[in-house]
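> need the 3D shape of this:
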Amino acid sequence: MVGAAPSGDSVAFILDIRRPMALLQLKKRRLLDDDCSQDDDQQATTQVAKRPCVRPNPVLQTEKMQSVLRGLRHVATCAGCDNKLCASTLAFVKKVELHLATQPAGHDRSACAACKLWTMIVQDHAADCAQARCLVPLCATYRRRRDDPPI
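Okay, here's the model as predicted:
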């Protein structure tokens, strides 16, 4: 016996290291409640009308991605402050810069999950960015694509 149940019950549990531990899976939650199909009891508890998210890509609608996008908007104008979101976003941007700088010559960005995710994030950021000297990697490239008319 390794330990007792945390609730104080007399039932004991044995830790078996041969059996793999169950992994916790987090569910992605959308930011709009009005149009989503939810359980009736859950709809009854959420009476507050929320502003629907207008992002077309479902990956960009998760709370984590919305936090990253808010952080990028802040980082675009901030050189670094004590805000936790600013610090974590700056660390993320530095990791992306390192990844982009250390790619081998034959690196296929369309096959790299990190590059695809960053492309999705920076395209969404560049759609709203108006900074002349934005600190977000590849923002200027995607802004030029946004501003230049297609041929």
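> contacts and neighbour counts: CA atoms only from here.
Fine.
> contacts for whatever helix or strand residue 141 lives in, please.
Per DSSP states H and E, residue 141 falls inside helix 139-147. For helix 139-147, contacts defined as CA atoms under 8 Å, 6 or more residues apart in numbering pick out 122-123, 125-127, 129, 134.
> and it, which residues are buried?
For helix 139-147, a neighbour-count test (16 or more other CA atoms under 10 Å) marks 139-140, 142-143 as buried.
> all strands of the protein, in order?
Listed in chain order, the strands of the chain (DSSP state E) span 3-4, 12-13.
> and these, which one's lowest on average pLDDT?
Note on the strands of the chain: lowest mean pLDDT is at strand 12-13, with a mean of 46.
> dump stretch 93-107 to PDB, restricted to CA.
Provided in PDB are the C-alpha atoms of stretch 93-107 (Å, rounded to 0.1, in the frame of the first residue of the first chain):
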ATOM      1  CA  VAL A  93       7.900  34.600 -29.600                       C
ATOM      2  CA  LYS A  94      11.600  34.000 -28.800                       C
ATOM      3  CA  LYS A  95      11.100  30.200 -29.200                       C
ATOM      4  CA  VAL A  96       9.400  30.800 -32.500                       C
ATOM      5  CA  GLU A  97      12.300  33.100 -33.600                       C
ATOM      6  CA  LEU A  98      14.800  30.400 -32.500                       C
ATOM      7  CA  HIS A  99      12.900  27.700 -34.400                       C
ATOM      8  CA  LEU A 100      12.700  29.900 -37.600                       C
ATOM      9  CA  ALA A 101      16.400  30.800 -37.300                       C
ATOM     10  CA  THR A 102      17.700  27.200 -36.800                       C
ATOM     11  CA  GLN A 103      15.700  25.500 -39.600                       C
ATOM     12  CA  PRO A 104      17.800  23.400 -41.900                       C
ATOM     13  CA  ALA A 105      17.800  24.300 -45.600                       C
ATOM     14  CA  GLY A 106      15.300  21.600 -46.500                       C
ATOM     15  CA  HIS A 107      12.800  22.400 -43.800                       C
END
